[in-house]
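Student: Provided below for reference: sequence and predicted model.
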Amino acid sequence: NGSDKLGVGAGPEERRAMERIEAESTEACLEGFRLGAGIAGLCGDGLARSTFVNALSNFAALGTGKLMENRHVRCVGCIFDIALEEGEVLGETWEYVFKVVSEVSRLKQVAEHLKADATFVDDALEDRDSDDSDDDDDEVDKVVQMSEKAIDEFNAQRVSDAIGDDMIDKVFQTSGNLSDAAVREFVEQLCRVSRMEISGYGGVAASTSAAEANTRRRFGAGIGVRSRIGNQQPIIFSLQKLVEVAHYNLGRVTGLFDVLGEHFTVTALHSNAAVSMYAVDGLRQLSLKFLEREELAGSEFQRSFMRPYEDIMRKASHRTTRELVLSCIGQIVQVSGAKEGGTLRSGWRSIITVLGLAGKDESEDLSGAAFKQLLGFLDEALGGSEDSRTE
């Protein structure tokens, strides 16, 4: 930072003047990045568009373990501006945006925990600014003396103050205003980032190429900081947001479910049971939303979005995951399978298949629960009389 070097020995007025010049220069550069990304997208130049947004995300210094200056935080804000204003033309560049959004979400959560300790930020600022006359080497020593956890908390407070609480939600809500082609790219890139987040700390969430594995190693949205400060659990932020995006685009989700269904299915087979069960629950939420709409005659859309339950029941290694699948099936039938006003049509085929797979499960508890559930469905379908069930 050139202004820091020039500021050594300068008076208060000179420092303020240099800070003002630096702020104006930063804003001018950020406007150039924003316009460059938008123009490149409009012209269909994917390489230039990715270069602008990727460079901007790198300049934000998120997940690097370094103290964030005002210019870094402004880079973060600029990425949010690009997401909200240029979303229609971002294409594959959404990947970089989602990585930044995910890390900002984590930092805001850290900042929430810090509210109970209002003295932290003041102490951190004192560590950095206690002596304006110190030279650069002394400043570096102070930064080194701060633990990585303290730096992360300081950055969290700074980012939380600059990025409004509603900004993250707005990024995903804007998907409802995109064209069909643009929202498909939006969902594909969100699935891609979700795959990186989930697979980053172990487990297999999808088959990945060498190129994608290398991308994951370069994934800067907090992986380095999270692992070093003790949070090595898979991240499910993007997986959660996929459910929300599906809700925002329910009217056209038919064209998106091949992407969504594959991702939720593969994630449900993750080696981490908590991730697996969250994916199944997300699939349940989507299914209940889809079943609020009547299936058109001759259509088998219900069959297509219920098929993931078959794959999960057949392949899941965790018994708790298979039990959750059976529970979800029961809830779906209870809500949407009633004789009067029920919307279940072609989806019944998947439900019966799941019950058959569960009935052959090695767990007697699971197979017994499946048989009991099937008898309950039959009772409901046949009017609940003992004679009809016997027949």
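Tutor: All right, it came through fine. Residues are numbered from 1 along each chain as shown.

Student: mind listing what's buried in stretch 93-111?
Tutor: 93-108, 110-111 (16 or more other CB atoms under 10 Å). For glycine as for every other residue, the C-beta is placed from the backbone atoms N, C-alpha and C.

Student: okay, that stretch in CSV with CA atoms only?
Tutor: What follows is stretch 93-111, C-alpha atoms only, in CSV (Å, rounded to 0.1, in the frame of the first residue of the first chain):
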residue,chain,number,x,y,z
THR,A,93,-18.8,-15.9,-13.4
TRP,A,94,-21.5,-16.6,-10.8
GLU,A,95,-19.0,-19.1,-9.3
TYR,A,96,-16.8,-16.3,-8.0
VAL,A,97,-19.8,-14.3,-6.7
PHE,A,98,-21.1,-17.3,-4.8
LYS,A,99,-17.7,-18.0,-3.2
VAL,A,100,-17.6,-14.4,-1.9
VAL,A,101,-21.2,-14.4,-0.7
SER,A,102,-20.6,-17.7,1.2
GLU,A,103,-17.6,-16.2,3.0
VAL,A,104,-19.4,-13.0,3.8
SER,A,105,-22.2,-15.1,5.3
ARG,A,106,-19.7,-16.9,7.5
LEU,A,107,-18.1,-13.6,8.6
LYS,A,108,-21.4,-12.1,9.4
GLN,A,109,-22.1,-15.1,11.7
VAL,A,110,-18.8,-14.6,13.4
ALA,A,111,-19.6,-10.9,13.9
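
Student: Pull the distance from it to the chain's centre.
Tutor: Relative to its chain's centre, stretch 93-111 lies at 8 Å (CA atoms, centre = their mean, to the nearest Å).

Student: what does stretch 182-190 give?
Tutor: Distance, stretch centre to chain centre, for stretch 182-190: 12 Å (CA atoms, centre = their mean).

Student: Can you name the residues in contact with that stretch?
Tutor: For stretch 182-190, contacts defined as CB atoms under 8 Å, 6 or more residues apart in numbering pick out 87-92, 94-95, 98, 175-176, 178, 238, 241-242, 245, 249, 252, 255-256, 259-260.

Student: and with 6 Å instead?
Tutor: Stretch 182-190 is contacted from outside by Glu88, Gly91, Trp94, Glu95, Phe98, Ser175, Ser238, Leu242, Asn249, Leu256, Val259, using CB atoms under 6 Å, 6 or more residues apart in numbering.

Student: The fourth one: what's its closest spatial neighbour, skipping adjacent residues?
Tutor: In this case it means Glu95. Distances taken as CB to CB, 6 or more residues apart in numbering put Gln189 closest to Glu95, at 4.7 Å, once the chain neighbours are dropped.

Student: Do you know the pLDDT at that neighbour?
Tutor: If you check Gln189, the pLDDT there is 97.

Student: can you check Ser276 too?
Tutor: 95.

Student: Offset the numbering so it begins at 157, please.
Tutor: Okay, using 157 as the starting number, the last item reads as Ser432.

Student: check contacts around it.
Tutor: Contacts of Ser432 by CB under 6 Å, 6+ apart are Ala424, His426, His474, Thr477.

Student: one more time with 10 Å
Tutor: Applying CB atoms under 10 Å, 6 or more residues apart in numbering, we find Ser432 in contact with 359, 361, 423-426, 468, 472-474, 476-478, 480.

Student: circling back: among the contacts of stretch 338-346, which one sits closest to Ala179?
Tutor: Using CB to CB, Phe254 is the member of the contacts of stretch 338-346 that lies nearest Ala179, at 28.0 Å.

Student: pretty sure that closest one is touching Arg351, no?
Tutor: No: judged on CB atoms under 10 Å, Phe254 makes no contact with Arg351 at a distance of 11.3 Å.

Student: Give me the nearest residue to Gly233, chain neighbours excluded.
Tutor: Leaving aside its chain neighbours, Gly233 sits nearest to Ala318 (6.1 Å; criterion: CB to CB, 6+ apart).
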